[in-house]
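Student: quick one, fold the following:
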Amino acid sequence: VAGRRESTARPDDADVAVALAEATRARGGRVVATGGCFDLLHAGHARTLAAARDLGGDDGVLVVCLNSDDSVRRLKGATRPIVGENDRAELLAALGCVDAVAVFTEDDPQSLIARLRPDVWVKGGDYAADDLPEAPLVRSWGGEVVAVPYHAGRSSTRLARSLEAVSSPAPVSSSATGGTL
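Tutor: As a prediction, the model looks like this:
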């Protein structure tokens, strides 16, 4: 595809993402990072990631900090994630706007963020930038925290509920079968 950048992502390797961030800064580019579970990719994710990547400009990179399966389970419950971390990382790395994916095992990405030292930390507009627990850390080295526009009606949890509804057989009533069974 014309204009598409080749991803340097090795989805399971935070060291690769950190090296990419350091190389980008060394050449004067901007490092943008975002994070989340990305359990079921949807249009809201795609729009948020594209907006985050745009904040890096032509010389910048976007690194996605991805919750591990264990981290997702602790945050969202035993039935999540629906899609495993390797597949989630591979899907994210395949997006043209994503330059690297780094999986973290903690409940929040602060340890990974401290290693990446992004110039910009991005979250969707369903978060207030000043309320993010990562904000003080990112700002400690002069980074900025940005909330990009929220895309209402799009969420992995909503998709998961829809999947549950279509995969659970509806109870059969006796009137639907024409009487007794």
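Student: shaky segments in this protein?
Tutor: Along the chain, the parts satisfying pLDDT under 70 run over 1-12, 151-181.
Student: chain neighbours aside, what residue packs nearest to residue 124?
Tutor: residue 48 (4.8 Å; Cβ to Cβ, 6 or more residues apart in numbering). Any C-beta I mention is one placed from the backbone N, CA and C, and that applies to glycine too.
Student: would you say that neighbour is within a helix?
Tutor: Yes - under DSSP: H, G, I helix; E, B strand; the rest coil, residue 48 falls within a helix.
Student: what ranges do the helices span in this structure?
Tutor: 14-26, 43-54, 69-76, 85-94, 110-116, 135-139, 156-167 (DSSP state H).
Student: let me know which of these is the nearest to residue 126.
Tutor: Of all the helices of the chain, it is helix 43-54 that lies closest to residue 126, at 9.1 Å by Cβ to Cβ.
Student: report the buried residues of that closest one.
Tutor: Using 16 or more other Cβ atoms under 10 Å as the test for burial, helix 43-54 gives 44-45, 47-49, 51-53.
Student: what is the nearest of those to residue 111?
Tutor: Closest to residue 111, out of all of the buried residues of helix 43-54 and judged by Cβ to Cβ, is residue 52, at 20.2 Å.
Student: ok, that closest one - contacts?
Tutor: Applying Cβ atoms under 8 Å, 6 or more residues apart in numbering, one finds that residue 52 lies in contact with 32, 34, 62, 97, 120, 122, 146, 148.
Student: among those, which ones are in strands?
Tutor: 32, 34, 62, 120, 122, 146, 148 (DSSP state E).
Student: who does the fifth one bridge with?
Tutor: By that I understand residue 122. Taking DSSP bridges as the rule, residue 122 bridges to residue 34, residue 146.
Student: so it sits right up against residue 33, yeah?
Tutor: Yes - here residue 122 reaches residue 33: they are 7.1 Å apart, a contact under Cβ atoms under 8 Å.
Student: nearest residue to residue 141 other than its sequence neighbours?
Tutor: Nearest in space to residue 141, with sequence neighbours left out and distances taken as Cβ to Cβ, 6+ apart, is residue 117 at 5.7 Å.
Student: between the buried residues of helix 43-54, which is nearest residue 135?
Tutor: Out of the buried residues of helix 43-54, the member with the shortest distance to residue 135 (by Cβ to Cβ) is residue 52, at 15.6 Å.
Student: for that closest one, which non-adjacent residue is spatially closest?
Tutor: Per Cβ to Cβ, 6+ apart, closest to residue 52 is residue 122, 4.0 Å.
Student: that'll do, ta.
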